[in-house]
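Novice: What follows is a predicted structure for the sequence shown.
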Amino acid sequence: MRIVATIIGIGIAVGLATAGRTQPARAEAKPYGVDLPSNVAHSSAASCSASACHGGGTPGTRGSEHTAWAPELGSVTGSDPHSKAYRVLFNADSVRIAKLLGGGPAHENVLCLKCHAPAGIAEPTARAEGVGCSACHGPSDKWIDSHYLPEWKAKSNREKWNEGFVPTKNLTARISNCATCHVGSADREVNHDLIAAGHPRLAFEYARFHFSGAYRKHWEEKTPQPEFEVRAWLIGQAATARAAVDVLHSRAVRAAENKAPWPEYAGLSCFACHQSVGEKQARGSSGNPGWEVFHTATLDAASAHSHLVLPDVKQPVLVKYGELKKAMAASNPKAAAVATLAAAARAELDGWLAEMQASEEAHPRSPAAAIQAVDATLFLTQSGASASEWDSLAAHYLGVAAMYHASGGAKGRPLSTKPLDAIRGGLKFPATFNSPKGLDAGKLRGEFRNLMNAAIEERSR
């Protein structure tokens, strides 16, 4: 137990020690998976539906990808939810939101279509497919006629990316692309006006979405457990933080030009303000609502472990990112200064993501993943035991849940099951509420300590 406790202390000490260190020399790099080339165009998913291509067989078999994605009439759980993204723009909630915002019908609003039916912006006949093949696999006008040929398969992932193709087998490219809608990007965002009108806020954690029972996937992962889940969680933290910084940069630039409100409340902790009278939801250390807590709360844990799981990856030293977090904790952050810091922080995260991406391609297996799943649990439970707001507690829970499943679940980690279940139950919203009314943060912190003790015992066996 002392050995494991020492490991925890060293991990946290490393994270703290690197916070003020000068950024080491690192080549400017950017992962493929963000900022698609501008000279590519979407095409309809119908082009993939032929039985000889991706529209044959039963879901779950090779060649049935379009079949698995396509909506099933009358099915509650069938099909990929992305295929229904355009339809929801016609439901009562969307009609009410559009009416409140006054920008015309949701199904004709370009801001809505950018995420709910990307191909339909230039080609209205493709709108009905919602988030179709090219939305996730990349605008296909340059590769649709060649992606099955030997010469295409011989190209590198970056060469394919330059033609608009997203190499989704690479987790860095995949999750970075997911995050452009599920977290946001420079030209895709869910702002406070949208949320106030009724749009759900964006709170994205890739591993949770990947393993959701409501998501019928049309592919199989070739990387086995525990490598996949540990990598997916680690890379997901960096990719979602990068997307959050990108959105912040765009908002700060527009605010500095007096073209947008500042600060944009959608980037702050909703439950710091939206709570029942008499309840005490935690705010940031400065007394202000925290910035992007859900998407950044566990980034320290990811940065402390990515180099231990992924070969050839250096532990990132996110100096500008730290300065950005500090700036956003101020009571009156200056938009122009935030824009400058956000651009620099985004470059730091890009460099880290590029290294992880290169490691993925060079090292398809990661023998250290199983050990680091438990060590990451220790780090996460240590920081989770000091969290005080729902977003941070939930982000830590999702992290330890991913590590729990990656290291065997109830069979491999039996002592962790009970405290993990208690944390999940304590985070659930009460019936008829869409906020954590009555959250007992102190009790949850206690359960994180119980989980840490369980993980220590499991680690020492």
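Specialist: Ah, there it is.
Novice: which element is Ala347 on?
Specialist: Assigned by DSSP states H and E, Ala347 belongs to helix 335-362.
Novice: Which positions within the very next helix or strand once past that helix qualify as buried?
Specialist: Next along the chain after helix 335-362, taking DSSP H and E as the criterion, comes helix 369-384. For helix 369-384, burial by neighbour count (16 or more other CB atoms under 10 Å) applies to 369-370, 372-384. Any C-beta I mention is one placed from the backbone N, CA and C, and that applies to glycine too.
Novice: Same check on stretch 303-316?
Specialist: Applying 16+ other CB under 10 Å to stretch 303-316 flags Ser303, Ala304, His305, Ser306, His307, Leu308, Val309, Leu310, Val313, Pro316 as buried.
Novice: How about stretch 392-412?
Specialist: Result for stretch 392-412 [16+ other CB under 10 Å]: buried residues 392-408, 412.
Novice: Please apply the same query to stretch 260-279.
Specialist: Buried, per 16+ other CB under 10 Å, within stretch 260-279: 260, 262-272, 275.
Novice: that older thread, closest one of the buried residues of stretch 303-316 to Pro419?
Specialist: His305 (21.0 Å; CB to CB).
Novice: so who does the closest one touch?
Specialist: By CB atoms under 8 Å, 6 or more residues apart in numbering, the residues touching His305 are Gly11, Leu234, Gln372, Asp375, Ala376, Phe379.
Novice: any idea how far the third one lies from Val317?
Specialist: Okay, so that is Gln372. Using CB to CB, to the nearest Å, Gln372 is found at 19 Å from Val317.
Novice: surely Glu229 meets Ala402?
Specialist: Yes - contact criterion CB atoms under 8 Å: Glu229 and Ala402 qualify, at 5.4 Å.
Novice: Can you check which residues contact both of the two?
Specialist: When contacts are counted by CB under 8 Å, 6+ apart, Glu229 and Ala402 have Ala207 as shared neighbours.
Novice: average pLDDT for the strand or helix carrying His307?
Specialist: Using DSSP H and E, His307 maps to helix 299-309. Across helix 299-309, pLDDT averages out at 95.
Novice: mind checking pLDDT for Arg283?
Specialist: pLDDT, read off for Arg283, is 59.
Novice: As a check, name the ranges of all strands in this protein.
Specialist: Counting by DSSP state E, the chain has no strands at all.
Novice: roughly how far apart are Ser269 and Pro436?
Specialist: Per CB to CB, Ser269 is found 11 Å from Pro436.
Novice: sorry, that was for Gly446
Specialist: 17 Å.
Novice: Looking at these two, which is more packed in?
Specialist: Neighbour count, other CB atoms under 10 Å: between Gly446 and Pro436, Pro436 has more, with 23 against 16.
Novice: ok, the nearest residue to the more buried one once chain neighbours are set aside - contacts?
Specialist: Nearest non-adjacent residue to Pro436, counting by CB to CB, 6 or more residues apart in numbering: Trp390, 4.4 Å away. Listed by CB under 8 Å, 6+ apart, the contact set of Trp390 reads Phe271, Gln281, Leu427, Pro436, Leu439, Ala441.
Novice: Next, give me the two most distant ones among these.
Specialist: Gln281 and Leu427 (13.4 Å).
Novice: Give the residues shared as contacts by these two.
Specialist: With CB under 8 Å, 6+ apart, Gln281 and Leu427 have common neighbours Trp390, Pro436, Leu439.
Novice: correct me, but the second one touches Leu427?
Specialist: Yes - judged on CB under 8 Å, Pro436 makes contact with Leu427 at a distance of 7.1 Å.
Novice: In helices only, show me the contacts of Trp390.
Specialist: Leu427, Ala441 (DSSP state H).
Novice: which among the contacts of Trp390 gets closest to Ala345?
Specialist: Checking the contacts of Trp390 against Ala345 by CB to CB gives Phe271 as the nearest, at 24.7 Å.
Novice: wait, doesn't that closest one sit right on Asn434?
Specialist: No - using CB under 8 Å, Phe271 is not in contact with Asn434; the gap is 10.3 Å.
Novice: Averaged pLDDT, stretch 106-119. What do you get?
Specialist: Here stretch 106-119 scores 94 as its mean pLDDT.
Novice: same question, stretch 229-244
Specialist: 97.
Novice: What is the distance between that stretch and the centre of its chain?
Specialist: 6 Å (CA atoms, centre = their mean, to the nearest Å).
Novice: Go through that stretch and flag the buried ones.
Specialist: 229-244.
Novice: Check stretch 408-426 too.
Specialist: Neighbour-count burial for stretch 408-426, counted by 16+ other CB under 10 Å, picks out Gly408, Gly412, Arg413, Leu415, Ser416, Pro419, Leu420, Ala422, Ile423, Gly426.
Novice: Can you check what pLDDT the model gives Ala385?
Specialist: Note on Ala385: pLDDT of 96.
Novice: if you skip the residues just before and after it, what's nearest to it?
Specialist: Counting by CB to CB, 6+ apart, Ala385 lies nearest to Phe448, which is 4.2 Å off, once chain neighbours are set aside.
Novice: Repeat that for Thr180.
Specialist: Arg188 (6.0 Å).
Novice: who are the neighbours in contact with the one you found?
Specialist: So Arg188 contacts Leu111, Lys114, Cys115, Thr180, Cys181 (CB under 8 Å, 6+ apart).
Novice: Hmm, the last one is touching Cys115, no?
Specialist: Put plainly, it is Cys181. Yes - between Cys181 and Cys115 there is a contact at 4.1 Å, judged by CB under 8 Å.
Novice: quick one: which of the two has more around it?
Specialist: Comparing Cys181 with Cys115 by other CB under 10 Å, the one with more neighbours is Cys181, at 23 against 20.
Novice: Show the pLDDT at the more buried one.
Specialist: The model reports Cys181 with a pLDDT of 96.
Novice: Roughly how far does it sit from Leu100?
Specialist: 22 Å.
Novice: got it, and Asp375?
Specialist: Distance, Asp375 to Leu100, by CB to CB: 48 Å.
Novice: low pLDDT regions in the chain?
Specialist: Scanning the chain for pLDDT under 70 picks out the ranges 1-28, 72-79, 277-287.
Novice: By residue count, tell me the biggest helix in it.
Specialist: The chain, longest helix under DSSP H: helix 227-256.
Novice: so how far is that helix off the chain centroid?
Specialist: So, by CA atoms, centre = their mean, the centroid of helix 227-256 is 7 Å from its chain's centroid.
Novice: now that helix against helix 369-384, angle please.
Specialist: With axes from the mean of the first three to the mean of the last three CA atoms, to 10 degrees as the basis, helix 227-256 and helix 369-384 are set at 40 degrees to each other.
Novice: same for helix 227-256, what does it pack against?
Specialist: helix 171-182, helix 206-210, helix 293-296, helix 299-309, helix 319-328, helix 335-362, helix 369-384, helix 390-406 (3 or more CB pairs under 8 Å, 6 or more residues apart in numbering; DSSP states H and E).
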